[in-house]
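A.B. asks: Model the structure of this input:
(one chain, ligands or ions: 2)
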Amino acid sequence: MDRSATTLHLHADAPGDIARAVALLRAGEPVAIPTETVYGLAADARNGDAVAAIYAAKGRPSFNPLIAHVADHAAARALVSFPDWAERLAAAFWPGPLTLVLPMRAGAVHPLVTAGLGTLAVRVPAHPVAHAVLAEMGGPLAAPSANRSGRISPTTAEHVLAGLSGRIAAVLDAGPCTVGLESTIVGATPSGPSLLRPGGVTRAEVEAITGPLAAAPDAITAPGQLASHYAPDASLRLDATAPVDGEKMLGFGDIPGDLTLSATGDLAEAAANLFGHLHALDARPGSRIAVAPIPEKGLGRAINDRLRRAAAPRD
Ligand code: TXA
Ligand code: MG
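C.D. replies: Numbering: from 1, shown residues only. Ligands and ions are numbered 1, 2, ... in the order given. A predicted model of the protein is given here:
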């Protein structure tokens, strides 16, 4: 289809719309789909042209590999080999916001998905609509977050359309994402499993299953970890107790704001609101956002990780 044409806004609860999304995916078109973490820009992971269309729509550097989403643990075993610790993590957290980077089986996905790496990131999303799409597709879907490369991840179909309208075939709308932060990524290193990206499952929850994680490798093995990522247009000032000079304030707990991540200090609520509130404040006139301190514990670590990247100097 002509991707410069209007992006279809499909609704998961409208009869036939899930089937329409799957038909587009089968035809090699990228379609944004809901997951419990953020909206993903999905394409057939075995079709190189379809995967290339993801990179093109996002403006993503080609060295940044993608996550293969599958319907269940058995489907993941067909793509990668699972050491014992990974079997236990999958049993504990799938379906859910955990991605495992594991040795890939030959020919599991098109090489463009892994950007040539010998490992593949796999995840079984918990969202019922994502599951319905994957089950009907019957094969892996490569899906990065459905935002322009380097911008804030989308937690609603409206966020997807704001960034990618006219650049993708369709978005399948199922309302706001419940977790609101991308998945936690755990990968195999020579010294055992290691945390490559903090996310919707906390380090403590992972370590309860695996024991202490190995130190993260020095090299940028998860390029989403580049310093300036998840960037809004506005500049961010972190650990602020009050706005100055016309700043917009993003509050938390006792510190109120123009918008508040969680007035009760609930970190899960704050995670679910994070990208939506950043999008909303970014859309208002003014160029600076002050952000209240978030405790560096549990989900707060992943929230602070995203905030620090959003605040980092731009290239
Ligand atoms: O929650 C999520 O994970 C969302 C939803 C859509 O599932 N997806 C997402 O994808 O956040 P993306 O592409 O924005 O982030 C994937 C991260 C990137 O930082 C990438 O570098 C890393 O996973 N990654 C993918 N394959 C990898 C591999 N083989 N080795 C190391 N890192 C990898
Ligand atoms: Mg992303």
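A.B. asks: use CA for all of it now, contacts and neighbours both
C.D. replies: Will do.
A.B. asks: Now whichever helix or strand A91 is part of: average pLDDT?
C.D. replies: Counting by DSSP states H and E, the element that carries A91 is helix 84-93. Here helix 84-93 scores 98 as its mean pLDDT.
A.B. asks: buried stuff in it?
C.D. replies: Along helix 84-93, the positions that meet the burial threshold by neighbour count (16 or more other Cα atoms under 10 Å) are 86, 89-90, 93.
A.B. asks: Between the two ends of stretch 294-305, what distance do you get?
C.D. replies: Between the start and the finish of stretch 294-305 there is a gap of 11 Å, counting by Cα to Cα, to the nearest Å.
A.B. asks: Compute the distance from the centre of it to the centre of its chain.
C.D. replies: Put simply, stretch 294-305 sits 16 Å off its chain's centre (Cα atoms, centre = their mean, to the nearest Å).
A.B. asks: residues of it that come out buried?
C.D. replies: Under the neighbour-count rule (16+ other Cα under 10 Å), stretch 294-305 has 294, 298-305 buried.
A.B. asks: How about stretch 255-268?
C.D. replies: Counting neighbours by 16+ other Cα under 10 Å, one finds that the buried residues in stretch 255-268 are 255-257, 259-263, 265, 267-268.
A.B. asks: Looking at these, which is nearest ligand 1?
C.D. replies: The shortest gap between ligand 1 and any of the buried residues of stretch 255-268 belongs to A268, at 14.9 Å (Cα to the nearest ligand atom).
A.B. asks: In space, what's closest to that closest one - neighbours in sequence excluded?
C.D. replies: Taking Cα to Cα, 6 or more residues apart in numbering as the measure, A268 lies nearest to L299, with 6.7 Å between them; neighbours along the chain are not counted.
A.B. asks: Distance check, the one you found against E205.
C.D. replies: As judged by Cα to Cα, L299 and E205 stand 10 Å apart.
A.B. asks: Just the CA atoms of stretch 103-114, as CSV, please.
C.D. replies: What follows is stretch 103-114 as a C-alpha-only set of coordinates in CSV (Å, rounded to 0.1, in the frame of the first residue of the first chain):
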residue,chain,number,x,y,z
PRO,A,103,21.3,-17.3,21.5
MET,A,104,19.3,-17.4,18.3
ARG,A,105,18.5,-20.5,16.3
ALA,A,106,19.7,-20.3,12.7
GLY,A,107,17.1,-18.7,10.4
ALA,A,108,14.7,-17.9,13.2
VAL,A,109,14.0,-14.4,11.9
HIS,A,110,15.2,-12.1,9.1
PRO,A,111,18.8,-10.9,9.9
LEU,A,112,17.6,-7.3,9.8
VAL,A,113,15.7,-7.9,13.1
THR,A,114,18.9,-8.6,15.0
